[in-house]
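> need a structure here:
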Amino acid sequence: MSFNSREFLKDMFDAALTKVKGAESLIKCLPEKPKGRTIVIGAGKAGGAMAKVVEDNWSGDLEGLVVTRYGHGVKTKRIEVVEASHPTPDEAGRNAAKRIYKMVQGLSKDDLVICLISGGGSALLSLPAPEIPLEDKQAMNKMLLKSGADIAEINSVRKHISAIKGGRLAKAAYPAKIVAMLISDVPGDDPSVIASGPTVADPTTFEDAREVIKKYGLNPPDSIKKYLEEAKEETPKAGSKYLENVTVHMLATPQDALDEAARFARSRGFETIILGNALEGEARDVAKVHAGIVKQIKGFSQPIKKPCVILSGGETTVTVKGNGKGGRNAEFSLALAMALKGMEGVFAIACDTDGVDGIEDAAGAIITPDTLKRGLDKGLKASDYLMNNDSYSYFKAIEDLIITGPTLTNVNDFRAILIL
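Numbering: from 1, shown residues only. You can find the predicted model right below:
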């Protein structure tokens, strides 16, 4: 039976996804039943799936609400699952966040809040400060996503124009016990960055938020400018009494996905190297670095010998200058294909583990040695598509998009390069 490079890469990605669903870890971390009420809340692309796991493994009384992305909902009986917009917040998300915020108020120390947090929660759990209209927050969010700012920078702004992020949800629930269950989609797995840390201490300040806006030359709506300048109430910091009853469990991380992919590759006879689980930077620049490593392996058998697999994760950024369709993984893939220039024996896959690369219906893309040639055969010049941030359209035309549908988890970007 001949070896199929495409199927190998897809199967490796599937293995990584299966590992980071988080269900097994979540069950192990479920707390004891409280004397009082048990309320389940949450936000993120894995929110519905996580709520179903809690519901299926909790025999006592239970109530609650989680918000997830459109199309990522799961049928539940006791925990309500609401769908809302991502990456741009909408009215459905604001209404759900408002209900969650109200749900945790007025609790006692005998009550328990199980908080299910995963990637995407920042946009989905969208409750602007009272002084900020939703449309202004939407405009600010779009600016940040197009600016090239990394996720920590973006979330430092989000937290400081929100009524619920940056530990403010925990403050509202105090003195109830909070058990936060997290699936990480951020470099470094910092709980304060995942979904903008609604239940943990916020190390950033209003000044940090203003510096991000200044750094990227952004022009926020007047309501946000005024709110950030006035800086009336800081987010809860380490040592705050409002956070003393919070326990945090990390259920799944980008490293878990990479470790599982490495096990998969090695079980099939390929040497494997993990470059890092938290790589950041412009997608096309990260692609050039990966291409340089490929060339070193092909030419000098360093740092490992072929046949082998290179793995990496993290969250790249795209500074949008064109008006095409695409996401950071498709852009990485197209830039990698251009840097490799049809190098023989090199195949790669780059996908977002939530199944949605940016705002399109693809998780990412796959490249082969003839990616550029097949584009030219259709009259497509890869450099034009990259310049226009239109990588989605390029890979759609050559039928190399990866379509998974919602995966109901999210541990950020997954990249694998197979070198034969």
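
> which stretches of the protein form strands?
38-43, 63-69, 79-84, 112-117, 177-183, 246-252, 271-274, 308-314, 346-352, 364-367, 401-402, 413-419 (DSSP state E).

> TSV for those strands, including mean neighbour count?
(Glycine included, C-beta is placed from N, CA and C.) Compiled in TSV, the strands of the chain are given as follows (neighbours: other Cβ atoms under 10 Å):
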stretch	mean neighbour count
strand 38-43	28
strand 63-69	27
strand 79-84	21
strand 112-117	28
strand 177-183	27
strand 246-252	20
strand 271-274	16
strand 308-314	23
strand 346-352	27
strand 364-367	28
strand 401-402	23
strand 413-419	25
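
> adding mean pLDDT and distance to Gln105, write those strands out as CSV.
Output for the strands of the chain, formatted as CSV (pLDDT from 0 to 100; distance: least, Cβ to Cβ, whole Å):
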stretch, mean pLDDT, distance to Gln105
strand 38-43, 98, 11
strand 63-69, 97, 13
strand 79-84, 97, 17
strand 112-117, 98, 11
strand 177-183, 98, 13
strand 246-252, 97, 16
strand 271-274, 98, 44
strand 308-314, 97, 37
strand 346-352, 98, 35
strand 364-367, 98, 41
strand 401-402, 97, 43
strand 413-419, 98, 37
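
> right, so of these, which gets closest to Asp202?
Of all those, strand 246-252 sits nearest to Asp202, with 12.7 Å by Cβ to Cβ.

> which elements pack onto the closest one?
helix 23-29, strand 177-183 (3 or more Cβ pairs under 8 Å, 6 or more residues apart in numbering; DSSP states H and E).

> please point out which parts of stretch 17-35 sit buried.
17, 19-23, 25-26, 29, 34 (16 or more other Cβ atoms under 10 Å).

> cool, stretch 96-114 as well?
Neighbour-count burial for stretch 96-114, with 16+ other Cβ under 10 Å as criterion, is recorded at 96-97, 100-101, 103-104, 107, 111-114.

> same thing with stretch 316-327?
Buried residues in stretch 316-327 (16+ other Cβ under 10 Å): 316-318, 320, 324-327.

> show me where pLDDT drops low in the stretch 301-420 of the chain?
Nowhere does the stretch 301-420 of the chain drop to pLDDT under 70.

> show me the helices in it, by range?
Listed from the start of the chain, the stretch 301-420 of the chain has helices (DSSP state H, counting those that start in this stretch) covering 328-340, 371-377, 382-387, 391-397.

> got the angle between the first one and strand 346-352?
Using axes from the mean of the first three to the mean of the last three Cα atoms, to 10 degrees, the direction of helix 328-340 lies 160 degrees away from that of strand 346-352.

> how far does helix 328-340 sit from its chain's centre?
Taking Cα atoms, centre = their mean, to the nearest Å, one finds the center of helix 328-340 at 20 Å from the center of the full chain.

> show me what that helix is packed up against.
The contact analysis (3+ Cβ pairs under 8 Å, 6+ apart) places helix 328-340 against helix 283-300, strand 346-352, strand 364-367, helix 371-377, helix 382-387, helix 391-397, strand 413-419.

> and Asp256, what is it in contact with?
Counting by Cβ atoms under 8 Å, 6 or more residues apart in numbering, Asp256 touches 19-20, 411.

> return the closest of those with respect to Gly119.
The closest of these, once distances to Gly119 are taken by Cβ to Cβ, is Val411, at 7.3 Å.

> how much space separates the closest one from Ala350?
14 Å (Cβ to Cβ, to the nearest Å).

> list the buried residues for stretch 69-77?
Under 16+ other Cβ under 10 Å, the buried positions of stretch 69-77 are 69, 72-74, 76.

> save those residues as TSV, and put in distance to Ala252 too.
Output for the buried residues of stretch 69-77, formatted as TSV (distance: Cβ to Cβ, whole Å):
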residue	distance to Ala252
Arg69	17
His72	16
Gly73	20
Val74	17
Thr76	20
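
> farthest-separated two in those residues?
Among the buried residues of stretch 69-77, Arg69 and Thr76 lie farthest apart (Cβ to Cβ), at 15.9 Å.

> tabulate the helices and strands packed on helix 328-340 (a markdown table), appending distance to Glu234.
Formatted as a markdown table, the entries for the helices and strands packed on helix 328-340 read as follows, by distance: least, Cβ to Cβ, whole Å:
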| stretch | distance to Glu234 |
| --- | --- |
| helix 283-300 | 34 |
| strand 346-352 | 33 |
| strand 364-367 | 38 |
| helix 371-377 | 49 |
| helix 382-387 | 42 |
| helix 391-397 | 40 |
| strand 413-419 | 32 |
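
> now for those, which one comes closest to Asp61?
strand 346-352 (36.8 Å).

> for that closest one, name the packing helices and strands.
helix 5-19, helix 328-340, strand 364-367, strand 413-419.

> quick one, which of the ones you listed is nearest to Glu230?
It's helix 328-340; of the helices and strands packed on strand 346-352, that one is closest to Glu230 (Cβ to Cβ) at 34.3 Å.
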